[in-house]
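Chemist: 3D model of this:
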Amino acid sequence: MVYTVLHLIDSNRKRGAETFAVQLAESMSAEKFVSTLCILHPLAGDGHLHSDVTTINLKRRGNGKSRLSLPKVMDLRKAVREVQPDVVLAHGSSALQYGAVASMLYPRALAVYRNIGLASFWVRNPIKARMNRLLMRRFDAIVSLTGTTKADFLQVYKTDSDRVTTIPNGVNLEPFRAVDGGNVRESYREAMGIGHGEILLISVGSLSWEKGPMDLMPALAALRADGLPVRLILVGEGPLSDGLRTEAQALGIASHVDILGVRQDVPQLMAASDIFVLPSRTEGLPAALIEAGLSGLPSVANDVGAVSDVITHGETGMIIDAGDARAFNDAIVRLVRDDALRSRMGAAASAFCEANFAMDLVAAQYEDLFMSLISSN
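Modeler: The predicted structure is shown next:
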């Protein structure tokens, strides 16, 4: 028998939760599961998310993302009746309300919520916490990324521990395996004007406050002032894009920073780079950090969320206390000056990420969870 999974995602932007949902849907066994994506707040045009998975876009109307919208609920009702899912999987807090509603609209479906970040960071209002706790009752199971995020989730929501399963983030390995490292590296560096001997730093993620990209501007300025031949590329978009360009101009480093926007060639850009940097103020289990590891890059990252589940300090990268700008810079300096250390850490990161975060392995865990829920119900 083939079961149907309806994945609820916030938008068609190429972000962590949305990308994971697409890759999970594409990786699950076609002999057991067929997936449909339901985009709650689709962007005008095509957005940046591309998939061959059947997709339903709810109509662009309602009261905004923060509140339930009756027109969207009616659209969701139509989608659920059309798909008749066996499982509804709500990816992240942006899909939480609509996941709970879907379980009420179609009680035959099993509802699963995927917790992707630290609830304690995002849910500080006790009223919101109580409301979310009520919504959680509609779900048959909750998936958290690591022991760290699970413990945080249980602390905030006081949920029965037995309802929360730990399944890590995952990344499709094929795009990274397909990169011809040497040729791609040279061609991309030449196209970007990266000089011989220059060290290229890369950061991938939303250009928003919680990701900390503004902290990279003074960091790069200090590294350049010390005579280090470093460049930085930022891959992503967000509300800080213009501010980052202004800050780079003010610090005299504009010619050493490239803000590339959302790209479909992240594996190639990683191959062209030397060090991955992640100055986030909060994280779950960041896919971009896993992608950097798969690309053979050592990383320098703040010790937030489940970063330490990806990086082993001193072996696959450097973990820094959040807010310690000097230590963050010092870690970059150490990697910039030591080619052998970069190579050794990058190789270890690649082996670790491939062994622990391959999407095929993660998809199998979701299949086991769904089959267990279906069998028990």
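Chemist: Where does pLDDT dip in this structure?
Modeler: Across the chain, residues meeting the criterion (pLDDT under 70) sit at 45-47, 60-67, 181.
Chemist: Break it into its domains for me.
Modeler: What automatic domain parsing lists as the domains of the chain is 3-170+358-376, 174-356.
Chemist: Tabulate the ones you listed (TSV), appending mean neighbour count.
Modeler: In short, each C-beta sits where N, CA and C put it, glycine included. Formatted as TSV, the domains of the chain follow (neighbours: other Cβ atoms under 10 Å):
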stretch	mean neighbour count
domain 3-170+358-376	18
domain 174-356	19
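Chemist: residue contacts, the nearest residue to Gly212 once chain neighbours are set aside?
Modeler: Leaving aside its sequence neighbours, Gly212 sits nearest to Pro279 (Cβ to Cβ, 6 or more residues apart in numbering; 3.7 Å). By Cβ atoms under 8 Å, 6 or more residues apart in numbering, the contact set of Pro279 is Ser203, Lys211, Gly212, Pro213, Asp215, Leu216, Ala219, Ala301, Asn302, Phe328.
Chemist: just checking, which of these belong to helices?
Modeler: Leu216, Ala219, Phe328 (DSSP state H).
Chemist: ok, which stretches of the stretch 251-377 of the chain are strands?
Modeler: Under the criterion DSSP state E, counting those that start in this stretch, the stretch 251-377 of the chain contains strands at 257-261, 275-278, 299-302, 317-320.
Chemist: which one of the contacts of Pro279 sits closest to Val336?
Modeler: Val336 has its nearest neighbour among the contacts of Pro279 in Ala219, at 11.9 Å by Cβ to Cβ.
Chemist: Now do the closest one against Arg245, distance only.
Modeler: 16 Å (Cβ to Cβ, to the nearest Å).
Chemist: Quick check, Leu200 in contact with Ala271.
Modeler: No. Applying Cβ atoms under 8 Å, one finds Leu200 not in contact with Ala271, separated by 10.5 Å.
Chemist: Could I get the CA-only coordinates of the host helix or strand of Gly99 as CSV?
Modeler: If you go by DSSP states H and E, Gly99 is part of helix 96-105. Written as CSV, here are the backbone C-alpha positions of helix 96-105 (Å, rounded to 0.1, in the frame of the first residue of the first chain):
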residue,chain,number,x,y,z
LEU,A,96,2.2,25.0,13.2
GLN,A,97,-1.2,26.6,13.2
TYR,A,98,-2.2,25.3,9.8
GLY,A,99,-1.0,21.8,10.6
ALA,A,100,-3.3,21.8,13.7
VAL,A,101,-6.1,23.1,11.5
ALA,A,102,-5.5,20.4,8.9
SER,A,103,-5.8,17.7,11.6
MET,A,104,-9.2,19.1,12.5
LEU,A,105,-10.3,19.4,8.9
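Chemist: what's that helix packed up against?
Modeler: Applying 3 or more Cβ pairs under 8 Å, 6 or more residues apart in numbering; DSSP states H and E, we find helix 96-105 packed against strand 3-9, helix 70-83, strand 87-91, strand 110-115, helix 126-136.
Chemist: Now render these as TSV, adding distance to Ser255.
Modeler: Formatted as TSV, the helices and strands packed on helix 96-105 follow (distance: least, Cβ to Cβ, whole Å):
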stretch	distance to Ser255
strand 3-9	38
helix 70-83	45
strand 87-91	39
strand 110-115	41
helix 126-136	44
